[in-house]
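Asks: sequence below, structure please.
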Amino acid sequence: MTEFAVHTPETAPEDTLPLFENSKKAFGRIPNLHAVMGTSPSLLEAYQRVHGLFMKTSLSADEQTVVWQTINVEHECHYCVPAHTVVAQMMGVSDDISNALRDNTPLPEKLEALRTFTRQMLLQRGQVSEEDISIFLDAGYTSQNILEVILGLSQKVMSNYVNHVAKTPVDDAFKKFEWTPA
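Replies: Got it, this is the predicted structure:
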């Protein structure tokens, strides 16, 4: 079985060190996902950049969380579901929204439309129907939001896939929110 390093600043490639500093500034430490991604400085840099860009979208904190957690749950990511539960708390997202996403129970109507559209985008590999798009737009979203969902999806593919192949250990800070698919 292939093992992936969970790097520290002492073991990481030199090009990873400034990226680890970015992680420390953002999270106060180096999350295990970043420590694993550190083997490939290019991947970690891409992930951090896409994350930063997604954070600048027109989507609210609640909506960003819906996009992230919908994808995490659909991909059954053992690491990202608890990690984004903590991130959601840091962003001021209510526990009701986080729990509904983790448990796949109903959300308020507009957020449910976002979850449905995000899931369709993921499962249909971007080939959503005009009807899917119309329903999403009728819920109050825009064509900009469609593109922002794609941006969030690209971020989550990087992290979810890394966590699947590397079996990234869940950080102690996230363990109280450990999650397994229903």
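Asks: what is the helix or strand that contains Ser23 packed up against?
Replies: Mapping Ser23 onto the secondary structure by DSSP states H and E places it in helix 17-27. In terms of contact count using 3 or more CB pairs under 8 Å, 6 or more residues apart in numbering; DSSP states H and E, helix 17-27 is assigned the packing partners helix 32-37, helix 41-55. All C-beta spots, glycine's among them, are computed from the backbone N, C-alpha and C.
Asks: how close does Tyr141 get to Arg119?
Replies: Tyr141 sits 14 Å away from Arg119, going by CB to CB, to the nearest Å.
Asks: out of the helices and strands packed on helix 17-27, which one sits most buried?
Replies: The highest average neighbour count among the helices and strands packed on helix 17-27, using mean count of other CB atoms under 10 Å, belongs to helix 32-37 at a mean of 26.
Asks: before we move on, back to that, and the helix holding Ser23, what's buried?
Replies: Burial within helix 17-27, assessed by neighbour count using 16 or more other CB atoms under 10 Å, is assigned to Leu19, Phe20, Asn22, Ser23, Phe27.
Asks: possible to save those residues as JSON lines with pLDDT and distance to Tyr161?
Replies: Formatted as JSON lines, the entries for these read as follows, by pLDDT from 0 to 100; distance: CB to CB, whole Å:
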{"residue": "Leu19", "pLDDT": "97", "distance to Tyr161": "18"}
{"residue": "Phe20", "pLDDT": "98", "distance to Tyr161": "21"}
{"residue": "Asn22", "pLDDT": "96", "distance to Tyr161": "21"}
{"residue": "Ser23", "pLDDT": "96", "distance to Tyr161": "19"}
{"residue": "Phe27", "pLDDT": "89", "distance to Tyr161": "21"}
